[in-house]
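Enquirer: Quick one, what's the 3D model for this:
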Amino acid sequence: MPGTTEHRSETPADTPDPEPADRYLAGPAALLGGPANVIMQLSLPPVGRGVVESTVDSGRYTLHPRKRGRTTLTYLAVAMLGTDAERAAFREATDTSHRHVRSGPDSPVQYNAFDPRLQLWVAACIYRGTADSLSLLFGPMDDAFADELYAESSRFGTTLQMPAHLWPRDRAAFAEYWETQLPHTSFDDEVKAYLLDQVVDLGPYRRSERLAFRRLNRFFTSGFLPQHFRDELGLDWGPRRQRAFELIMRTIGAAMHLLPTRWRLYPLDKHLRDMRRRRALGKPLV
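Expert: Okay, here's the model as predicted:
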């Protein structure tokens, strides 16, 4: 395992970014594609074991699924839409939980939530999911926009503890990084069961909610996953489902073009406002 470091800086001012980043996010895609992204992140064994073995009950998805979802969506919103000071505050709040996420003597793999290379993988999965989602919703990106999105997406890592220099220098370097990481991904039996039972089939939710949304969640989760990860989990997919998935996503994208910007960002903008209110009142951010 590489060494772990805590990346810190002085708290910056609450100044908005010169270029608004709302064009890089789509709230509906974050909601529908979130479970698939969790699966990709947990496919790296130290990340998967860190989640399954975590003793931080306040942030456990299996105990508090709505709170876990709120925290994740807030993190995405702060990373891309927040100020430097807000990102620093959220990083500090996240650090409080991450300090307790480290392997024990009986863990099958060694991990530490502060490991910047594990955070690089998490950020890479979020970027990959974001880019795929935008393409599914709005069509292929031109090179200029794709380069802008990639550069901005480094914040998915630096809003945690990942030093900026670890982010691959450009999209070509990222593609190389991604391909070199895939052979290192796998799910042991416990992580696989956790993902299928809890994430794909909505295990932590009430029975009525599982009956209402489980099939829909399985469909979108499978659709957002690259085939490599579907194969690892044994999720059934095929050309007919792929065509249906792409048609639904294009329809959602067309509808979003007709709606005000706030609908494109919902619920990310709602969670960002809630974070700002909590921060102003001195309440916990995660």
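
Enquirer: ok, N37 - how many residues close by?
Expert: The local packing of N37 (other C-beta atoms under 10 Å) involves 24 other residues. Quick note: C-beta positions are derived from backbone N, CA and C, even for glycine.

Enquirer: Where does it fall, secondary structure wise?
Expert: Assigning secondary structure by DSSP states H and E places N37 in helix 27-42.

Enquirer: and the next element down the chain from that helix?
Expert: Taking DSSP H and E as the definition, the helix or strand right after helix 27-42 is helix 45-52.

Enquirer: what is the rounded mean pLDDT of that following helix?
Expert: Mean pLDDT, helix 45-52: 96.

Enquirer: quick one: contacts of it?
Expert: Residues outside helix 45-52 that contact it (C-beta atoms under 8 Å, 6 or more residues apart in numbering): 1, 41-42, 61, 101-103, 107-111, 113, 115, 118, 121-122, 184-188, 190-191, 194.

Enquirer: Next, the buried residues of that helix.
Expert: P45, P46, V47, G48, R49, G50, V51, V52 (16 or more other C-beta atoms under 10 Å).

Enquirer: Tell me the first helix or strand C-terminal of that helix.
Expert: On the C-terminal side of helix 45-52, the nearest following helix or strand under DSSP H and E is helix 65-81.

Enquirer: avg pLDDT for that following helix?
Expert: On average, helix 65-81 scores 95.

Enquirer: Show me what it is packed up against.
Expert: Packed against helix 65-81 by the contact rule (3 or more C-beta pairs under 8 Å, 6 or more residues apart in numbering; DSSP states H and E) you find helix 27-42, helix 84-98, helix 155-158, helix 268-281.

Enquirer: Just say helix, strand or coil for the residue sitting nearest the centre point of the chain.
Expert: Central residue of the chain (C-alpha atoms, centre = their mean): I126, 4.5 Å from the mean position. Secondary structure for I126, judged by DSSP: H, G, I helix; E, B strand; the rest coil, is helix.

Enquirer: give me phi/psi at R102?
Expert: Backbone torsions of R102, given as degrees, to the nearest 10, read phi -150, psi 150.

Enquirer: per-residue confidence for it?
Expert: Model confidence at R102, given as pLDDT, is 92.

Enquirer: where's the nearest residue to it once chain neighbours are set aside relative to R262, distance?
Expert: Using C-beta to C-beta, 6 or more residues apart in numbering and skipping the chain neighbours, the partner closest in space to R102 is N112 (4.6 Å). Per C-beta to C-beta, to the nearest Å, N112 is found 39 Å from R262.

Enquirer: in the helix or strand bottoming out on mean pLDDT in the chain, what counts as buried?
Expert: Using mean pLDDT, DSSP states H and E, the weakest-scoring helix or strand in the chain turns out to be helix 261-265, at a mean of 85. When burial is assessed from 16+ other C-beta under 10 Å, helix 261-265 yields the following buried residues: R264, L265.

Enquirer: same thing with stretch 93-109?
Expert: In stretch 93-109, counting by 16+ other C-beta under 10 Å, buried: A93, T94, D95, H98, V101, R102, S103.

Enquirer: Kindly reformat those residues as a markdown table containing distance to G27.
Expert: Formatted as a markdown table, the buried residues of stretch 93-109 follow (distance: C-beta to C-beta, whole Å):
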| residue | distance to G27 |
| --- | --- |
| A93 | 22 |
| T94 | 21 |
| D95 | 26 |
| H98 | 26 |
| V101 | 28 |
| R102 | 33 |
| S103 | 35 |
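
Enquirer: possible to save the helices and strands packed on helix 65-81 as TSV with distance to F220?
Expert: TSV is the format used below for the helices and strands packed on helix 65-81 (distance: least, C-beta to C-beta, whole Å):
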stretch	distance to F220
helix 27-42	5
helix 84-98	26
helix 155-158	21
helix 268-281	17
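
Enquirer: Quick check: which of these is nearest to A175?
Expert: Nearest to A175 among the helices and strands packed on helix 65-81 is helix 27-42; the distance by C-beta to C-beta comes to 15.3 Å.

Enquirer: so how far is the closest one from its chain's centroid?
Expert: Using C-alpha atoms, centre = their mean, to the nearest Å, the mean C-alpha position of helix 27-42 is found 6 Å from that of the whole chain.

Enquirer: ok, so what distance separates F114 from P163?
Expert: 12 Å.
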